[in-house]
Every structure is written in C-alpha cells, then in structure tokens.
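Engineer: Sequence plus the predicted model coming up.
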Amino acid sequence: MARTPLSWSNAQMRLIVTGIEQCNRAFPTDNARFLDGVIDEIRAVTGRLYGAKTYARLIDAVPASMTVTRRPSVTTIQKAVERAQALAPAPLPTDESASAAPAFDVHTLRRAVEPVVRDALGPVHELLAQLVATRSSSDNEVGALSAGDQTLHARLTQTALEDAHARVRRIEEDNGRLRRDLGQAEARASIAETRIAQLLEELHTAIAESANGARALGKVAEQLRGTEQFLKLQNDSVRLQATSEADALRRHVKQLQERVDHLILDNDQYRRALTKHPGRSGQPG
C-alpha cells in the first residue's frame with residue numbers, strides 16, 4: 001500500500017520556516033546544535049519525528065531571502081534524528097502498578113536536560129561531523145529538485161509573497177494617512193496665509209485713512225510681518241518634513257515591490273517547473 005505524501009498547513013509551514021531561521025541564527029557554525037534545534041522545533045509544531053530526507057527537504061525549501069545557506073548531508077541529519085529518538089519521551093506503563101506512580105513528564109525533563117547534554121557532547125559531535133563531511137561529500141552535491149520539493153518550495157514562496165503583500169498594504173495605508181495629514185497641514189497653512197493677508201490689507205487701509213497713531217500702527221505692521229514670516233518658515237519646514245517622510249515611504253514601497261516582483265518570478269518559475277513534470281511526486285521522508 002502506497003504511503004500518504006507528507007503535507008503541512010500554511011500555518012505549520014510558517015512556524016517551521018521561522019524555527020529553522022531562528023536555529024540558523026542561534027548556531028551559525030554548529031551543525032549538530034542547528035539540526036537538534038530544527039528537529040525539536042518541527043516536532044513542537046507537528047508533534048512527531050520524521051526521516052532524515054524530510055528534514056533535508058524542509059531545510060532546502062526555505063526561501064533564499066531568509067539566508068539559510070547550510071545544506072547538511074543526509075548522514076549528518078540521520079545522526080541528529082537518532083539523537084532525538086534516543087531522547088524522545090518513552091510510553092508510560094499501562095498496568096495497575098502505574099496508577100500509583102506519580103505523573104512525570106519525560107518530554108519536559110528532556111527539554112531541561114538537553115542543553116546540558118549538548119554542551120557536554122558538543123566537541124564529540126563536531127569531530128564526528130567533520131569526519132562524516134570528509135567521507136560523504138557526495139551527499140552535498142546539488143541535484144534537481146523532485147516534484148514534491150518543488151511543490152513545497154512553491155508553497156513557501158507563496159507564503160513569503162503573501163507576507164510581502166501584507167507589508168506593502170500596511171505601508172500604503174501609512175502613506176495614505178501621511179498624505180492626508182500633509183493635505184490638512186497645507187490647508188491650515190493656506191488659511192493662515194489668507195487670514196494674514198487680510199489683516200495686513202485692513203491694517204494698511206486703516207493707516208491710509210488716519211494719520212493719528214501712524215508710528216504705533218507701523219510697529220504693529222512690522223510685528224505682523226514678522227509673524228507672517230515666522231508662519232511661512234514654519235509652514236515650509238512642516239512641508240519639507242512631510243515631503244521627506246513621504247519620499248522615504250515611497251522608496252520603501254518601491255523596495256518591497258521589487259522584492260515582491262522577484263518572489264513572483266520565483267513562484268512562476270517553480271509553477272512552470274511543476275507544469276512541465278505533472279506526473280512526478282516527492283518522496284516522503
């Protein structure tokens with residue numbers, strides 16, 4: 001009977017990809033700890049262990065934008081799987097004597113002890129990883145992706161594309177709010193300029209009609225001119241600042257759009273590859 005192909009939901013794929021990226025950042029040079037962390041993160045998401053080839057497929061399918069470039073061999077991954085199996089929770093006894101025993105979470109104990117065991121066996125794992133790498137360099141050769149890997153990679157690319165679209169939409173909304181604020185500020189500045197011009201016109205008319213208090217009115221006119229200049233400078237400063245922020249947001253939107261276009265091209269390439277080989281299916285891990 002044929003085995004059912006492995007599949008994960010979009011939410012699970014996001015958690016798996018995020019976990020792989022976090023492990024890559026936490027252990028940039030230690031493959032053993034990286035793989036132990038990846039297996040632990042995937043088991044936390046899916047609740048089960050997989051074969052070495054499945055973990056290799058998941059690592060290979062991480063989008064290039066996340067800069068996870070390491071490609072451990074299947075032999076190295078298998079050793080990490082064996083370590084995880086050795087530390088996996090054992091089934092509790094089902095006989096009558098088990099009911100009297102206190103409840104004990106083996107998985108919790110494993111999570112607490114695992115860092116200590118890794119630190120103690122770290123040098124040994126490093127040496128073994130170097131030996132395996134020298135003997136099985138052919139396992140690291142890059143070959144053509146199977147149809148299952150292409151499907152998985154396409155799903156990951158689609159997920160990254162959806163996230164990029166969401167970020168672009170949020171930036172466009174922020175840009176729209178900024179434009180509205182800029183329009184309101186310009187309207188207020190225009191009203192202020194109109195009002196100042198009216199005041200100056202009325203003042204000049206009053207000065208022309210009456211010679212009394214000419215000096216006092218002249219001083220008031222100078223004060224109003226200073227106020228007008230100050231308001232104009234303030235308006236220019238606000239306008240320049242708003243324009244600068246709008247330009248920065250437009251550049252950001254353009255960068256994200258270029259990234260979205262790149263992801264769309266990658267997605268189209270993988271879809272065309274899947275269309276050319278519709279009969280092929282990925283091997284389960």
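Structural biologist: In hand now; what should we look at?

Engineer: okay, now Val68: neighbour count?
Structural biologist: 20 (other CB atoms under 10 Å). (C-beta placed from N, C-alpha, C; glycine too.)

Engineer: Let me see the contact set for it.
Structural biologist: Shown in contact with Val68 (CB atoms under 8 Å, 6 or more residues apart in numbering): Ile20, Glu21, Asn24, Ile59, Val62.

Engineer: I'd like the mean pLDDT over stretch 261-272, please.
Structural biologist: Average pLDDT, stretch 261-272: 90.

Engineer: Hmm, I typed the wrong one, I wanted stretch 169-183.
Structural biologist: Rounded mean pLDDT across stretch 169-183 is 79.

Engineer: Same question for stretch 54-71.
Structural biologist: 85.

Engineer: which of the contacts of Val68 lies closest to Gly218?
Structural biologist: For the contacts of Val68, the residue nearest Gly218 by CB to CB is Glu21; the value is 71.1 Å.

Engineer: Contacts only, for Glu228.
Structural biologist: Counting by CB under 8 Å, 6+ apart, Glu228 has contacts Glu193, Ile196, Leu200.

Engineer: So which of the residues you listed wins on neighbours?
Structural biologist: Highest neighbour count within the contacts of Glu228: Ile196, with 16 neighbours (other CB under 10 Å).

Engineer: what's the closest non-adjacent residue to that residue?
Structural biologist: Spatially, and ignoring its direct neighbours in sequence, Ile196 is nearest to Glu228 (4.8 Å; CB to CB, 6 or more residues apart in numbering).

Engineer: that older thread, mind checking which of the contacts of Glu228 land in helices?
Structural biologist: The helices, defined by DSSP state H, take in Glu193, Ile196, Leu200 from the contacts of Glu228.

Engineer: and the second one, what is it in contact with?
Structural biologist: Looking back up the chat, that one is Ile196. Taking CB under 8 Å, 6+ apart, we find Ile196 in contact with Leu224, Thr227, Glu228, Leu231.

Engineer: shaky segments in the stretch 1-150 of the chain?
Structural biologist: Applying pLDDT under 70 to the stretch 1-150 of the chain flags the ranges 1-5, 88-150.

Engineer: what about the helices in the stretch 51-200 of the chain?
Structural biologist: Per DSSP state H, counting those that start in this stretch, the stretch 51-200 of the chain carries helices over the ranges 52-60, 74-86, 106-135, 147-209.

Engineer: Would you write a PyMOL line that selects the buried entries of the contacts of Ile196?
Structural biologist: In PyMOL, a selection of the buried entries from the contacts of Ile196 looks like this (16 or more other CB atoms under 10 Å):
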select buried, resi 228
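
Engineer: Narrow the contacts of Ile196 to those in strands?
Structural biologist: Among the contacts of Ile196, DSSP state E puts none in strands.

Engineer: And the contacts of Ile196, which is closest to Arg169?
Structural biologist: Leu231 (36.9 Å).

Engineer: Next, work out how far apart Ala32 and Ile77 are.
Structural biologist: Distance, Ala32 to Ile77, by CB to CB, to the nearest Å: 10 Å.

Engineer: what about those two, which has more around it?
Structural biologist: Each of Ala32 and Ile77 has its neighbours counted (other CB under 10 Å); Ile77 has more, 24 against 21.

Engineer: Wait, the more buried one touches Ala56, no?
Structural biologist: Yes: shown here, Ile77 and Ala56 form a contact pair, counting by CB atoms under 8 Å, at 5.7 Å.

Engineer: before we move on, the earlier item: got the contacts of Val68 as a markdown table, with distance to Arg250 and neighbour count columns?
Structural biologist: A markdown table is the format used below for the contacts of Val68 (distance: CB to CB, whole Å; neighbours: other CB atoms under 10 Å):
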| residue | distance to Arg250 | neighbour count |
| --- | --- | --- |
| Ile20 | 33 | 22 |
| Glu21 | 29 | 17 |
| Asn24 | 33 | 19 |
| Ile59 | 37 | 21 |
| Val62 | 31 | 21 |
